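Asker: Pasting a predicted model and its sequence here:
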Amino acid sequence: MENMVRQLSVHKEHEVLLKLEAAGLNDELAQKVIDSKGNDLAMKVVRLIQNGGFEPSTSQKRAREILSKNCFGIEEAIKYFGVNPSKQQLATLSEVPFSEAALEECKNTHILVAVFPLSILDIRGKVAAKLFYGQSWYSTESFAKDHGEVSWYLVRKDQVPNSTSKNWNEQQAQLGKDEEVPTARMMVYTIIGHYLNTGECLFKDVYVRCRDFASSGGRVNVGYFDQGGLDVNNDWDVSRYSGVGYGLGLASSRKFQ
């Protein structure tokens, strides 16, 4: 402790202590913090402050236990996207709308994502420029401005099996009964968020079709997320490739139960 670098001024420490005492901190509680093993209580308080006072529900905790690193929850949205959830949004997300059986089934193939109403353009403005391929074509597109609704989603980590080298109609036949095609916003949110949280690049060598259309009439697809950043593109439904040598698969997410 003697070599600890001070992070707060004496004045700031005094102010924090006064706030804690006003909230009910007394000598007995302070001693519990001092005596807690591994400084556990103090770290819990700091995490609570970092999360804006958010405390996960039993449903959220259980989902995180099942999916582990394949969970981008409220805490991650606060940390990486600077989200400041409202009470109404937290209430909406309080229960994860997927059964434990569904989460167990998807724990290695999907990411559970707490999606807040951030548009693709919002996300681009919140993260390092290198995470997106240098594009301006969609800066005025409706799909890129769409904020959507707050909700939980289970998003597949790769293209639907056997969906490449097929047109849109052929790809629909590959969807399972519990699957649907997500929006480009959901895919960008998931891909960028998961990378910031784990360092894993999804869709490195394939594009995946999404639900949205560009103003040109082409269907939006995203992918080829590598050192050049995430690419947002569009192509016609009759196409089987988005370019020479490029795979064009289908994105999917789990339907709500």
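Answerer: Arrived safely, thanks for sending.

Asker: Which helix or strand contains Y207?
Answerer: Using DSSP states H and E, Y207 sits within strand 206-213.

Asker: how far away is Q257 from V155?
Answerer: Using C-beta to C-beta, to the nearest Å, Q257 is found at 15 Å from V155. C-beta: built from backbone N, CA, C; applies to glycine.

Asker: and those two? which has more neighbours close in?
Answerer: Neighbours per residue (other C-beta atoms under 10 Å) separate Q257 from V155, with V155 holding more: 26 against 11.

Asker: now the stretch of helix or strand that one belongs to and strand 206-213, what's the angle there?
Answerer: Assigned by DSSP H and E, V155 belongs to strand 151-156. Put simply, strand 151-156 runs at 140 degrees to strand 206-213, going by axes from the mean of the first three to the mean of the last three C-alpha atoms, to 10 degrees.

Asker: And strand 151-156, how far out from the chain middle?
Answerer: Put simply, strand 151-156 sits 9 Å off its chain's centre (C-alpha atoms, centre = their mean, to the nearest Å).

Asker: Moving C-terminal from it, which element do we reach first?
Answerer: Strand 151-156 is succeeded, C-terminally, by helix 168-172 (DSSP H and E).

Asker: Please pull up the helix or strand immediately following that following helix.
Answerer: Downstream of helix 168-172, the next assigned helix or strand under DSSP H and E is strand 179-180.

Asker: quick one on the thing from earlier: for the strand holding V155, output the C-alpha coordinates as CSV.
Answerer: What follows is strand 151-156, C-alpha atoms only, in CSV (Å, rounded to 0.1, in the frame of the first residue of the first chain):
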residue,chain,number,x,y,z
SER,A,151,-33.9,-5.1,-26.3
TRP,A,152,-32.0,-8.3,-25.8
TYR,A,153,-30.9,-10.3,-28.9
LEU,A,154,-29.1,-13.6,-29.5
VAL,A,155,-27.0,-13.0,-32.6
ARG,A,156,-25.2,-15.7,-34.5
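
Asker: quick one: average pLDDT of it?
Answerer: Here strand 151-156 scores 98 as its mean pLDDT.

Asker: And that strand, what's buried?
Answerer: Residues of strand 151-156 classed as buried by neighbour count (16 or more other C-beta atoms under 10 Å): 151-156.

Asker: what's stretch 115-134 in contact with?
Answerer: With contacts defined as C-beta atoms under 8 Å, 6 or more residues apart in numbering, stretch 115-134 is touched by 77, 80-83, 85, 89, 138-139, 143-153, 184-186, 188-190, 192, 195-196, 224, 228-232.
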